[in-house]
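Peer 1: My questions concern the predicted model and sequence given below.
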Amino acid sequence: MSAKVLDGKRIALQIRSEIAERVLAFRERKGVAPCLAAILVGDDPASQVYVRNKEIACSKAGMDSKLFRLPAATNTEDLLKLLETLNADTTIHGILVQLPLPSHIDQRRVLDAVSPEKDVDAFAPENVGLISQGRPRYLPCTPHGVLQLLHRCGIPLSGVEVVVVGRSDIVGKPLVSMCLQKEGPGGASNANATVTCCHSQTRNLGEVTRRADVLIAAMGRAGAITADMVKPGAVVIDVGINREGDRLVGDVDFDAVSQVASAITPVPGGIGPLTIAMLLENTLVAAEFATNARRS
């Protein structure tokens, strides 16, 4: 068996086209362009590429973007002052702090300082709590991208056994919570899963992952999911992005696992493009919230 490759890039382009139409209608109705502010601290090459890609995506969707480049020596207090200014700026609807931050910066204090209304990454404690209660203001971009991919590829989650490998605050934990809800972004069939979360202390990891109808790898370790860890016919979603020399690879041994799974995402070209698409979605929603709040 050779798995169907789930084309995240194609689906992301479809979503971005839909968002561009909504942005155009919003601008005509409100006379305002949704605006995303991105903060980049230091000169990490990968972060610079990610931020540039987000700027380009905003422009193509008809959104404004502002980039704040700060030197690597920037301290926590200076970054907090910038966030205070951006939080108060009514022309900015979404704020993104590009991670990782330099090690001397208190990352938790910084992320907590972003206004929940402008927290388009959905990292703020208030937004995390709303997600867990099934009434999200925004959905975190990468987990939302995973659910959009499954929904648009006709892969239901309701009643399905899902195993998530990885418990990060950015992907693993919110994804577990979202899969458990009664409604997903694609409706009831895009949620209501039975979910297991695995991590570095999970015993007999392969025994757990082989139970999965949908296996989601998000641990940040190249090739960690091998063919013997996958149930025949399972859907395998690879969220990992790891660099091996000049290549980008995922957390899944793609060549081997694609001979066992029924469907699989590639790296690159799988979940990555969807993450940016969902950031655009959140920025538009933030602009809608802001303009409605000012009107009331």
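Peer 2: Nice, thanks for sending it over. Keep in mind it's a predicted model, so treat the numbers as computed, not measured.
Peer 1: tell me how far the ends of stretch 252-271 are from each other?
Peer 2: By Cα to Cα, to the nearest Å, the extent of stretch 252-271 from end to end equals 13 Å.
Peer 1: typo on my end, it should be stretch 203-221
Peer 2: Termini of stretch 203-221 sit 17 Å apart (Cα to Cα).
Peer 1: Mind listing what's buried along stretch 230-244?
Peer 2: If you call a residue buried by 16 or more other Cβ atoms under 10 Å, then stretch 230-244 has these buried ones: 230, 231, 234, 235, 236, 237, 238, 239, 240, 241, 242. All C-beta spots, glycine's among them, are computed from the backbone N, C-alpha and C.
Peer 1: Below-threshold pLDDT in this structure: ranges please.
Peer 2: Where the chain drops to pLDDT under 70, the residues are 1, 294-296.
Peer 1: domains of it?
Peer 2: Structurally, the chain divides into domains by automatic domain parsing as follows: 31-115, 139-272.
Peer 1: Any chance of these in JSON lines with distance to residue 3 as columns?
Peer 2: Formatted as JSON lines, the domains of the chain follow (distance: least, Cβ to Cβ, whole Å):
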{"stretch": "domain 31-115", "distance to residue 3": "27"}
{"stretch": "domain 139-272", "distance to residue 3": "4"}
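Peer 1: Which residue ranges of the protein form helices?
Peer 2: 8-30, 45-60, 76-88, 107-113, 125-132, 141-152, 172-180, 205-209, 254-257, 272-295 (DSSP state H).
Peer 1: Deepest-packed of these, please.
Peer 2: Across these, averaging neighbours per residue (mean count of other Cβ atoms under 10 Å) puts helix 141-152 on top, at a mean of 25.
Peer 1: The domains of the chain: which one's closest to residue 12?
Peer 2: domain 139-272 (7.7 Å; Cβ to Cβ).
Peer 1: will you turn the helices of the chain into JSON lines that also has distance to residue 163?
Peer 2: Shown next, in JSON lines, are these (distance: least, Cβ to Cβ, whole Å):
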{"stretch": "helix 8-30", "distance to residue 163": "20"}
{"stretch": "helix 45-60", "distance to residue 163": "28"}
{"stretch": "helix 76-88", "distance to residue 163": "36"}
{"stretch": "helix 107-113", "distance to residue 163": "28"}
{"stretch": "helix 125-132", "distance to residue 163": "20"}
{"stretch": "helix 141-152", "distance to residue 163": "13"}
{"stretch": "helix 172-180", "distance to residue 163": "10"}
{"stretch": "helix 205-209", "distance to residue 163": "5"}
{"stretch": "helix 254-257", "distance to residue 163": "14"}
{"stretch": "helix 272-295", "distance to residue 163": "20"}
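Peer 1: Which of those sits closest to residue 165?
Peer 2: Closest to residue 165 of the helices of the chain is helix 205-209 (Cβ to Cβ; 6.6 Å).
Peer 1: So what's the gap between that closest one and the chain middle?
Peer 2: Centre-to-centre, helix 205-209 and its host chain are 25 Å apart (Cα atoms, centre = their mean, to the nearest Å).
Peer 1: Contacts for it, please.
Peer 2: 163, 165, 196, 198, 202, 215, 225, 228, 229, 230, 231 (Cβ atoms under 8 Å, 6 or more residues apart in numbering).
Peer 1: And the residue lying closest to residue 267 once chain neighbours are set aside, how close does it get to residue 240?
Peer 2: Residue nearest to residue 267 in three dimensions, not counting chain neighbours: residue 250, with 3.4 Å by Cβ to Cβ, 6 or more residues apart in numbering. Between residue 250 and residue 240 the distance is 4 Å, computed by Cβ to Cβ, to the nearest Å.
Peer 1: Same check on residue 120?
Peer 2: 23 Å.
Peer 1: How about residue 13?
Peer 2: From residue 13 to residue 240 the distance is 22 Å (Cβ to Cβ).
Peer 1: can you check residue 64 too?
Peer 2: 32 Å.
Peer 1: ok, back up a step: of all the domains of the chain, which lies closest to residue 133?
Peer 2: Of the domains of the chain, nearest to residue 133 by Cβ to Cβ is domain 139-272, at 9.0 Å.
Peer 1: how many neighbours does residue 75 have?
Peer 2: If you count neighbours by other Cβ atoms under 10 Å, residue 75 ends up with 13.
Peer 1: check contacts around it.
Peer 2: Residue 75 is in contact with 104, 105, counting by Cβ under 8 Å, 6+ apart.
Peer 1: Hmm, residue 285 and residue 138 touching each other?
Peer 2: Yes. Using Cβ atoms under 8 Å, residue 138 makes contact with residue 285 at a distance of 6.3 Å.
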